[in-house]
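Undergrad: no letters, just coordinates:
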Ligand code: SF4
């Protein structure tokens, strides 16, 4: 007997048979498959208690209510607040991704001061003391008016606190960001007698004529507009879009008129011509409730016959006539303007012409028309500020931006003029600039000029939450809480038809060593002492907010998240207007009878025209797009790091450019490398560029991607109001 | 295998030729036959031992809980049975293992003189640290399980799935599958569980067990492939 190889083979076979009859291979196979479904390195969010909080979105003026879901202390989801009068459960992509802003690694985590070009953490006491010392010194030197501020919005308690601080301290130079609401509000003041805001009753209109407004691209209150437009389709209301490019909005319209950009005012006046010459207007309105009609009519009939308008706008005479008739004959027609998202105010001429178009059909204050909405929310009044002698004297100084001055008496704020004023050395130089709720270095047109102007200001204080472009240029940052960490009232206008106030509440405790900007303002004022401190007697911002809202509103707001003025009723035109003569005053013909604001730049050197376009996939304002938005931005807008501009294939053929080709885009304000995307949906001769890219700061998901429209397009002062009326700029595009 | 055997025979054939046919090659085969069988049996038996006894023990690591817990003792103190501590929140979600906040009402200070109590109070309560309990019944993240659906709607009682843990005076050792990270309570402790046999519902809680019960109780065969309840009932 011998132990040979066969024995070992047999051993192996036996072992194999035994193993097969044991659980080992089957269990391992099963476990391996389970293991692949539960890889230990896949992050699994911790489980916990679900908490839902009602709050308000503050990322755009839209005024949506939000429902924030938390698991224990962590925000995991933001949804639209069900039953909210603006968005009723809906939300836009920016609002949906707001949690990424809360947890962004680029939050400013503590007050910091720039020392030799580097940020150094300091204490809140030191930060506030630095400011008050500076402010006290300037006041003692009689330079109170050289303290300036750029802030985000006009309404709401934070903005009211800023205004109060500037009044008590004695500087007229507090500037708000402007938008189409400013142009509208001016037109309403001139024609209807009070500085109100427009409300647009899309829900009841049966014919909507939009002059370039991106109704589903973020204009007005974006989520409300999605619904309103969808609802219009169901009601079979007609919608006509006048826009040089086939935007998302234009694509959804029943009729798209690809107009030559910048001539929208002329088209509106041409339509008015049709309505006047064919007597299609509301006779009773004109006869009983108007002033200045005859002069206006004469001017329009002489200057804007459809034939002339057709030549300038590129829209056929017949189309103009038909559109004019159809609009006037509709039961509830509504015309709106404000290009794209309405971030640029636009010219008085254009806004006034569109408003008159509405007025002539008799839709003012009526169902489906333009309503006069209160300019601010009804709050408990604060005691009047009594500026001391120093402040009273400083307040006599002219505003640096020229708003309310001899040249532009009608304008409220002109931040777009600031860079130009500072760079040309006019006026006393600003010594101290506050930036709160705004990112002027990114959002103001002509970036280079703005950077130069800001660099010339010796001390800049930012109240930013994230390290944005303006915060980077600041000398001191007093970081505000993120909007999900703070109380704040959010009065909404945005073209809605009822006055609404939302309340943002801290859905999570502040994550870092930040401070509510309202508390910072109160602390600064109290440290300045005397009359200034007296004007700020609140213990903190929360008490100020509570007192200002009053018990009833506060209770309703903390419970429901929003407050609607149930008693508000629009005043129909039949009940008269607020002007001295209680009539509708037709705009001064001279203010409308001139060529529209044109794109600046030498036509030979820059034969094309660059326009900016807005989209819901990118945040174009002071808030930088969170990573989620960059993910959903298509390759036809941003290809890796490259900005993609849109041109017509005919333009591309002229320039010898193919789809995806690299090119150099240049305008009188700047130049940069881009790629081109060919699209038949844009007028030949135009170059379209998406707004919201080209950030220099923020996180790595946003910084360095694409180019900023503001680096290419400069501001154009509207000759009538001073508001920025730029709609584009001359440009050139050449093969790279 | 047959190839190997053929080779074997060829080799022997050559040997025979070389020796001039003096030996009977058949004898060699017969002589080795006993060993071959023996070795087969050894291999067979050894691998059965490995597969049935050693492997299951190797597969699981034994982990201790941070400290021991006496369910029976607590059951005597509360009025509402399991739900006194493992309750449903107002919104219908299930609270699971109690958080520290629930315990501190009684355990702010050391109660009694067990060492476990001291560990609890000193290491966790006073430091406000949550106890990192190992959960025997934790399903992986790819499974959506709703206690409300089972307890409130299907009116199942806790014992059906969790066994008689509520009557236990100390916590069992937590055995963790080294490959999957599952608790052994999910996979079953006994050999018959490995053989896909089980006596009680609580003995094993793998996917097939869920599916079996779902089929029995609901009769739904929404999944065409498995003829059982749909995948998305649990895998959302
Ligand atoms: S539309 Fe504006 S307010 Fe509404 S969710 Fe989007 S960003 Fe927020």
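TA: Good, I have the coordinates. This is a predicted model, so every value here is computed, not measured.
Undergrad: which helix or strand in chain B has the lowest average pLDDT?
TA: Least confident helix or strand of chain B, by mean pLDDT, DSSP states H and E, is helix B:2-19 with a mean of 42.
Undergrad: in the stretch 51-200 of chain A, what residue comes closest to chain B?
TA: Nearest residue of the stretch 51-200 of chain A to chain B: residue A:52, at 7.9 Å (C-beta to the nearest C-beta). C-beta here means a position set from N, CA and C on the backbone, and glycine is covered the same way.
Undergrad: and that residue, which of the three is it?
TA: Three-state call for residue A:52 (DSSP: H, G, I helix; E, B strand; the rest coil): strand.
Undergrad: number of residues surrounding it?
TA: 13 (other C-beta atoms under 10 Å in any protein chain shown).
Undergrad: show me what contacts it?
TA: By C-beta atoms under 8 Å, 6 or more residues apart in numbering or on different chains, the contact list for residue A:52 reads A:67-70, B:91.
Undergrad: again, but for residue A:198
TA: Contacts for residue A:198 were tallied using C-beta under 8 Å, 6+ apart; they are A:181, A:184-185, A:188, A:370-373, A:495.
Undergrad: low-confidence stretches in chain B?
TA: B:1-32, B:191-197 (pLDDT under 70).
Undergrad: now with 80, please.
TA: For chain B, applying pLDDT under 80 flags the ranges B:1-33, B:189-200.
Undergrad: tell me which residue of it lies closest to chain A.
TA: residue B:51 (2.2 Å).
Undergrad: which residue packs closest to that residue, ignoring adjacent ones?
TA: Once flanking residues are discounted, residue B:51 sits nearest to residue A:22: 2.2 Å by C-beta to C-beta, 6 or more residues apart in numbering or on different chains.
Undergrad: before we move on, back to that, for the residue of the stretch 51-200 of chain A closest to chain B, list each beta-bridge partner.
TA: Using DSSP bridges, the beta-bridge partners of residue A:52 come out as residue A:69.
Undergrad: residue A:610 falls within a strand, correct?
TA: Yes. Assessed with three-state DSSP, residue A:610 lies in a strand.
Undergrad: pretty sure it is in contact with residue A:687, am I right?
TA: Yes. Applying C-beta atoms under 8 Å, one finds residue A:610 in contact with residue A:687, separated by 4.7 Å.
Undergrad: quick one: neighbours of whichever residue of chain B sits closest to the ligand, just the number.
TA: Minimum separation of chain B from the ligand (C-beta to the nearest ligand atom) falls at residue B:91, amounting to 24.0 Å. Residues within reach of residue B:91, counting by other C-beta under 10 Å, total 10.
Undergrad: ok, now how distant is it from residue A:508?
TA: Residue B:91 sits 19 Å away from residue A:508, taking C-beta to C-beta, to the nearest Å as the criterion.
Undergrad: do residue B:122 as well
TA: Distance of residue B:122 to residue A:508, given as C-beta to C-beta: 31 Å.
Undergrad: neighbour count winner among these two?
TA: residue A:508 (19 against 11).
Undergrad: distance check, the more buried one against residue A:546.
TA: Counting by C-beta to C-beta, the gap from residue A:508 to residue A:546 is 21 Å.
Undergrad: is it true that the residue nearest to residue B:51 touches residue B:54?
TA: No. Contact criterion C-beta under 8 Å: residue A:22 and residue B:54 do not qualify, at 9.8 Å.
Undergrad: more crowded one of the two?
TA: The neighbour comparison of residue A:22 against residue B:54 (other C-beta under 10 Å) goes to residue A:22, with 21 against 14.
Undergrad: helix, strand or coil: sort out residue A:543 for me.
TA: Put simply, residue A:543 is helix when judged by three-state DSSP.
Undergrad: I misspoke; the intended subject was residue A:372.
TA: From three-state DSSP, the assignment for residue A:372 is strand.
Undergrad: so who does it touch?
TA: Per C-beta under 8 Å, 6+ apart, neighbours of residue A:372: A:188, A:192, A:194, A:196-199, A:364-365, A:570-571, A:578.
Undergrad: give me the neighbour count for residue 214.
TA: Just going to use chain A. Counted with other C-beta under 10 Å, the neighbours of residue A:214 add up to 26.
Undergrad: please go with chain B instead
TA: Residue B:214: 19 surrounding residues under other C-beta under 10 Å.
Undergrad: figure out the helix or strand that it lives in.
TA: Residue B:214 is part of helix B:207-218, with elements assigned from DSSP states H and E.
Undergrad: just the buried residues of that helix, please?
TA: For helix B:207-218, burial by neighbour count (16 or more other C-beta atoms under 10 Å in any protein chain shown) applies to B:207, B:209-211, B:213-214.
Undergrad: same question, stretch A:328-348
TA: Buried positions in stretch A:328-348, judged by neighbour count with 16+ other C-beta under 10 Å: A:328, A:330, A:332-348.
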